[in-house]
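Colleague: turn this into a model:
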Amino acid sequence: MTVIDLLKKIQMNLRDERKAIAESMVLGHMEDQESYKKNVGVAEGLDKASAIIGDMMKKLDDEEDA
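Modeller: Here you go, the predicted model:
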């Protein structure tokens, strides 16, 4: 397994977790406003982490091409 393969798997797991949070929100599983705010923050963090991993994969790919 290459580093890029590992990063892709991590990125997929982050996206799956974010989807689970979104689904929970849509289904009305948030107990109160604080739970909602917390989960929005977690989802935003997961998006940011996924974007950072995407940038890292692009850099690694560019290095391999050089």
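Colleague: what residue ranges in the chain score low on pLDDT?
Modeller: By pLDDT under 70, the chain has no low-scoring segment.
Colleague: would you list every one of the helices in it?
Modeller: Remark: helices assigned in the chain by DSSP state H are 3-26, 33-65.
Colleague: in CSV, list the ones you listed along with mean neighbour count.
Modeller: C-beta coordinates here come from the backbone N, C-alpha and C atoms, glycine included. Shown next, in CSV, are these (neighbours: other Cβ atoms under 10 Å):
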stretch, mean neighbour count
helix 3-26, 13
helix 33-65, 12
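Colleague: any idea how far stretch 44-62 is from the chain center?
Modeller: Offset of stretch 44-62 from its chain centre (Cα atoms, centre = their mean, to the nearest Å): 9 Å.
Colleague: contacts made by it with the rest, please.
Modeller: If you take Cβ atoms under 8 Å, 6 or more residues apart in numbering as the criterion, stretch 44-62 is touched by Val3, Ile4, Leu7, Lys8, Ile10, Gln11, Leu14, Arg15, Glu17, Arg18, Ile21.
Colleague: skipping adjacent residues, who's closest to the fifth one in space?
Modeller: Pointing back at Ile10 there. Of all residues not flanking Ile10 in the chain, Ile53 sits nearest, at 6.1 Å (Cβ to Cβ, 6 or more residues apart in numbering).
Colleague: what distance do you get for that neighbour to Leu6?
Modeller: Using Cβ to Cβ, to the nearest Å, Ile53 is found at 10 Å from Leu6.
Colleague: what lies in contact with stretch 20-34?
Modeller: Here stretch 20-34 has contacts from Tyr36, Asn39, Val42, Ala43, Leu46, using Cβ under 8 Å, 6+ apart.
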